[in-house]
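Q: coordinates for the following, if possible.
(chains A and B)
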Amino acid sequence: MLKRLSTNRELAPYVAQVVPIKIDTASSAWQEWSKQHKADGSGIPKVYVVRADGETLFARSGSLTNEQLKLLLSAALNNAGLVLGQKDVQTLTAVTNQFRDFRTTGDPKSALKSLKQAKRYLGKSGQVASYAKPAMELNQEIQLLVETANDSISQTASEVEQAKDQTEAEQIRAIQKYLGVKDQYSDLRSSKSDLSKIQSSIRENDQMKSLYDSVKLLELASSAKSDSQKSRYKDKLAKLIETSPFPLIKSQAEAILSQLKE
Amino acid sequence: MLLINRHMTASFSLSAAILFCFPTLQVVGQDETSEVSSPLQYAQNIAAITGRPIFAVAGQST
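A: Residues are numbered from 1 along each chain as shown, chains lettered A, B, ... in the order given. Just a heads-up that it's a prediction; the model follows:
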């Protein structure tokens, strides 16, 4: 049957996408293989299709006709996920390494930016639809970051809710926390909806809604780097100090303004 | 890691008509012939790295 696979032209396009192997039922490798992949029927030959991650897709006794082989290989490839070439492997491995470095050093924003190099591999789920090891390693990394993001966003959401009945200082802190989380995870597709919900929640509270734009301005002003940015924020901060009814906002604006003037 | 990389590189240069001939433990391709310690392990390495499924036929050695 394997010989037909290597000589039949109709089967060639399918065969090119699988790894064909013959296993001697008298070998020790067979003992291990047959334990992992249970086949229907007891006769030989036995035909197997095993996904790259080791999942058995097909295991049955008996030889197959060319037409059956074609159907089997076609169905197997439909369930096998994306097959990677050498360049794909290199790209995904490099992206995974970068992503892991940023994630483990607490920089999810840069980790998510590094994913742009692998954008064409990512499906709607935000993961690579492949059972290849380099793809699965990247998927695992992405999943770990998603879990951290979910925890962080969920904690922020409850802090925002609690802050609604608390002091101006607590409300400012909750808004700052939200802006920080939003900055880190805004490129994460699965978090967009939850982040929007927090923003809507902030805007439902009149005082937090008033504070929100001021806190955002303070955050942007404190991270201004170029002279033109600094100049622009000096004017905005001066106006905020004049008009804001919130003492804490005024004092923070004054502190940032004096830093910008240095 | 070096072993996997060697397998990976070899896998891309082998033709679609890879045949694992036992019990010689030899991988025969159109472009190259290389000896490996275990054909099954070799196939599993290629599958794991590229995502290609394994198509295996188990039978008696001739």
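
Q: straight-line length of stretch A:216-236, end to end?
A: The first and final residues of stretch A:216-236 sit 12 Å from each other (CA to CA, to the nearest Å).

Q: shaky segments in chain A?
A: Within chain A, the segments meeting pLDDT under 70 span A:2.

Q: for it, which residue gets nearest to chain B?
A: A:A132 (3.1 Å; CB to the nearest CB). (Each C-beta comes from the backbone N, C-alpha and C, glycine too.)

Q: what residues are up against the spatially closest residue to that residue that is not a sequence neighbour?
A: Spatial nearest neighbour of A:A132, excluding adjacent residues (CB to CB, 6 or more residues apart in numbering or on different chains): B:G51 at 3.1 Å. Going by CB atoms under 8 Å, 6 or more residues apart in numbering or on different chains, B:G51 touches A:52, A:80-84, A:130-132, A:135.

Q: look up phi and psi at B:G51.
A: phi 80, psi 0 (degrees, to the nearest 10).

Q: for A:R4, which non-adjacent residue is spatially closest?
A: A:N66 (6.5 Å).

Q: by residue count, what's the longest strand in chain B?
A: strand B:54-59 (DSSP state E).

Q: near chain A at all, that one?
A: Yes: counting by CB under 8 Å from any CB of the partner chain, chain A has neighbours in strand B:54-59: B:54-59.

Q: quick revisit: now, the contacts of B:G51 that are in strands?
A: Reading strands off the contacts of B:G51, I find no matches (DSSP E).

Q: same list (those residues) but as TSV, adding distance to A:Q98 and neighbour count.
A: Output for these, formatted as TSV (distance: CB to CB, whole Å; neighbours: other CB atoms under 10 Å in any protein chain shown):
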residue	distance to A:Q98	neighbour count
A:A52	23	26
A:A80	27	26
A:G81	23	20
A:L82	20	15
A:V83	23	19
A:L84	18	25
A:S130	19	24
A:Y131	22	25
A:A132	18	25
A:A135	15	26
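
Q: which one of those is nearest A:L112?
A: Nearest to A:L112 out of these is A:A135 (CB to CB; 17.5 Å).

Q: show the contacting residues for the closest one.
A: Counted by CB under 8 Å, 6+ apart, A:A135 has contacts A:81-82, A:84, A:92, A:121, A:128-129, B:51.

Q: how does it look with 7 Å?
A: Shown in contact with A:A135 (CB atoms under 7 Å, 6 or more residues apart in numbering or on different chains): A:82, A:84, A:92, A:128, B:51.

Q: among those, which are in helices?
A: A:L92 (DSSP state H).

Q: ok, back up a step: what mean pLDDT does the longest strand of chain B get?
A: For strand B:54-59, mean pLDDT rounds to 91.

Q: what bridges to the closest residue to A:I44 other than its chain neighbours?
A: Of all residues not flanking A:I44 in the chain, B:G59 sits nearest, at 4.9 Å (CB to CB, 6+ apart). Applying DSSP bridges to B:G59 gives these bridge partners: A:D24.

Q: you'd agree B:G59 is up against A:V47?
A: No: checked against CB atoms under 7 Å, the pair B:G59 and A:V47 is beyond contact range at 9.8 Å.
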